[in-house]
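>>> predicted model and sequence follow; I will ask about them next.
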Amino acid sequence: MASTPINDQIAGGATEIVLTEDMTENVVIPSGKTISIDLAGFSLSNLIDPLDDSTIDYTITVNGTLVLTDSSEEGTGILDNTNGLGLIKNNGVLTINGVKAFTFSGTAGNYFIVNRKTMTVTDMATTADDIAGYTAFILNGYLSTDDMTGATVCTLTVNGGEYAGSIPFVQNDSFGQLVVTGGEFEVSAGAIFDNRNIANISDGTFTSEGTYIFVTGAYGTLPQCKGEFDIIGGTFEGNKAIQDTTETNDSGHVHTNAHTYVSGGTWTLEDTESLDDFVKPGYLIVLEDGVITFIHEVEWTYPEGGVVGIGFFGYRRAVIHNDSIEYEAGGFDVPVRGFVPTCIIGCMARGGCDAYYNPETKKIQLYRNGTEITERLFDVTIVMIGQ
């Protein structure tokens with residue numbers, strides 16, 4: 001006897017659904033419902049209306065909460081789409097844990113998965129090779145052509161899994177926030193991630209045979225297309241590190257905080273200089289045997305609100321920030337810029353720097369009119385040197 005359709009099981013109050021055979025159905029997780037679906041080694045594919053082949057539906061639409069798993073030891077469970085739009089559209093809360101196969105057996109679409117709210121990948125493994133017409137495996141957020149009325153932050157967290165393909169794993173678009181804490185990602189062409197809003201990578205292994213490992217950039221006046229990209233850890237291998245398209249996307253962009261900062265990880269690049277423009281202020285590159293790592297040059301031990309000598313303006317209070325130190329000098333703030341060893345104040349005193357950081361002694365030495373002020377020697381670990 002055929003299994004009860006998944007939608008009917010949900011309507012009947014079931015919350016934990018385990019497939020016992022291959023199913024063909026357009027599954028909808030209603031708002032307010034929390035459901036788990038275990039493929040259990042079987043396939044779930046979408047249903048095309050036999051009276052209207054133009055009908056396009058996602059295999060699963062999530063309006064509530066869904067945990068999608070595959071408990072089979074062989075990992076033979078398959079989520080499939082036969083007519084090209086997509087496998088999953090998430091408007092609620094989606095967790096993927098252990099699903100090994102996402103396929104399109106029909107005509108080409110644009111994205112395997114579209115996330116419009118909250119999605120977490122804890123474990124998955126899939127291959128997306130030799131696919132014509134696809135832009136990325138996951139679209140996190142909205143495209144410029146989408147109706148963004150009422151749009152909210154779309155959060156995608158990737159904690160692990162394996163991905164190999166010829167298309168980017170994620171296109172992080174308008175309203176998208178991408179957090180990657182682990183996983184193995186490999187693409188044979190193009191970038192692994194295409195970021196247009198906010199993305200953070202703290203760990204994982206990333207290998208690209210394309211020109212760049214990552215592409216990022218703010219997009220003009222598009223809402224929540226801020227172009228903020230931070231990488232603090234991971235293992236990276238490829239030709240060039242990052243392409244930042246902020247300036248070329250639209251010279252009139254309004255996202256003033258757009259940035260690409262790299263402060264950690266291990267990088268093996270054919271073009272080792274391609275990372276130079278993206279080093280976070282306060283960090284230095286170490287290149288040894290063709291491998292790039294980072295050292296942290298910014299760890300304040302100097303107390304916030306302390307006194308700093310600034311020459312002509314006398315001693316003023318200093319405000320410590322993550323990326324700068326501002327001196328209250330004559331009613332205006334002077335941000336610190338430059339690299340060690342250098343002056344760390346924008347104002348110059350006669351005959352020498354007002355303040356100077358010595359990387360050998362790890363101290364800030366103050367000067368007045370070129371004369372060293374020995375009684376004002378500050379013991380620090382390292383100072384912020386740039387913004």
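Happy to help now that I have it. Residues are numbered from 1 along each chain as shown.

>>> where along the protein do the helices fall?
Along the chain, the segments classed as helices by DSSP state H run 6-11, 246-249.

>>> packing partners for the shortest one?
What it means is helix 246-249. Contact partners of helix 246-249 among helices and strands, from 3 or more C-beta pairs under 8 Å, 6 or more residues apart in numbering; DSSP states H and E: none. Every C-beta, even on glycine, is put in place using the N, C-alpha and C of the backbone.

>>> contacting residues around that helix?
Helix 246-249 is contacted by residues 216, 217, 218, 219, 220, 227, 253, 255, 258 when judged by C-beta atoms under 8 Å, 6 or more residues apart in numbering.

>>> report the buried members of these.
216, 217, 218, 219, 227, 253, 255, 258 (16 or more other C-beta atoms under 10 Å).

>>> farthest pair within the contacts of helix 246-249?
216 and 220 (14.7 Å; C-beta to C-beta).

>>> pairing partners for the longest strand seen in the chain, with directions?
In the chain, with assignment by DSSP state E, the single longest strand is strand 118-128. Using DSSP bridges, the strands paired with strand 118-128 are strand 93-99 (parallel), strand 154-158 (parallel), strand 162-165 (parallel).

>>> most tightly surrounded among those?
Of all those, strand 154-158 has the most neighbours on average by mean count of other C-beta atoms under 10 Å, namely a mean of 22.

>>> which residues sit against that one?
Counting by C-beta under 8 Å, 6+ apart, 115-121, 138, 140-142, 170, 172, 175-183, 204 sit against strand 154-158.

>>> and the pLDDT for residue 40?
pLDDT for residue 40: 96.

>>> can you name the residues that contact it?
Contacts for residue 40 (C-beta under 8 Å, 6+ apart) come out as 18, 19, 20, 70, 71, 72, 77.

>>> same thing but at 7 Å, please
Listed by C-beta atoms under 7 Å, 6 or more residues apart in numbering, the contact set of residue 40 reads 18, 19, 70, 71, 72, 77.

>>> residue 86 now?
Listed by C-beta under 7 Å, 6+ apart, the contact set of residue 86 reads 58, 109, 111, 112, 113, 114.

>>> redo that, cut-off 8 Å
Per C-beta under 8 Å, 6+ apart, neighbours of residue 86: 58, 59, 109, 110, 111, 112, 113, 114.

>>> tell me which two of the residues you listed sit farthest apart.
59 and 110, at 14.8 Å, using C-beta to C-beta across the contacts of residue 86.

>>> between the two, point out the one with more neighbours.
residue 59 (27 against 15; other C-beta atoms under 10 Å).

>>> distance of that one relative to residue 168?
From residue 59 over to residue 168 the distance is 21 Å, taken as C-beta to C-beta, to the nearest Å.

>>> what bits of this structure have low per-residue confidence?
1-2, 48-56, 84-85, 105-109, 130-133, 249-254, 296-387 (pLDDT under 70).

>>> isn't residue 188 up against residue 165?
Yes. If you go by C-beta atoms under 8 Å, residue 188 and residue 165 touch, sitting 7.3 Å apart.

>>> mutual contacts of the two, please.
With C-beta under 8 Å, 6+ apart, residue 188 and residue 165 have common neighbours residue 129.

>>> next, give phi and psi for residue 75.
phi 60, psi 40 (degrees, to the nearest 10).

>>> got the contact list for the residue lying closest to it once chain neighbours are set aside?
Of all residues not flanking residue 75 in the chain, residue 100 sits nearest, at 3.7 Å (C-beta to C-beta, 6 or more residues apart in numbering). Shown in contact with residue 100 (C-beta under 8 Å, 6+ apart): 70, 75, 76, 77, 124, 125, 126.

>>> who wins on neighbours among these?
residue 70 (26 neighbours).

>>> so it makes contact with residue 99?
Yes. Counting by C-beta under 8 Å, residue 70 does reach residue 99; the two are 4.9 Å apart.

>>> OK, contacts around the residue lying closest to residue 219 once chain neighbours are set aside?
Closest residue to residue 219 apart from its sequence neighbours, by C-beta to C-beta, 6+ apart: residue 225 at 4.0 Å. Neighbouring residues of residue 225 by C-beta under 8 Å, 6+ apart: 173, 174, 196, 197, 218, 219, 255.
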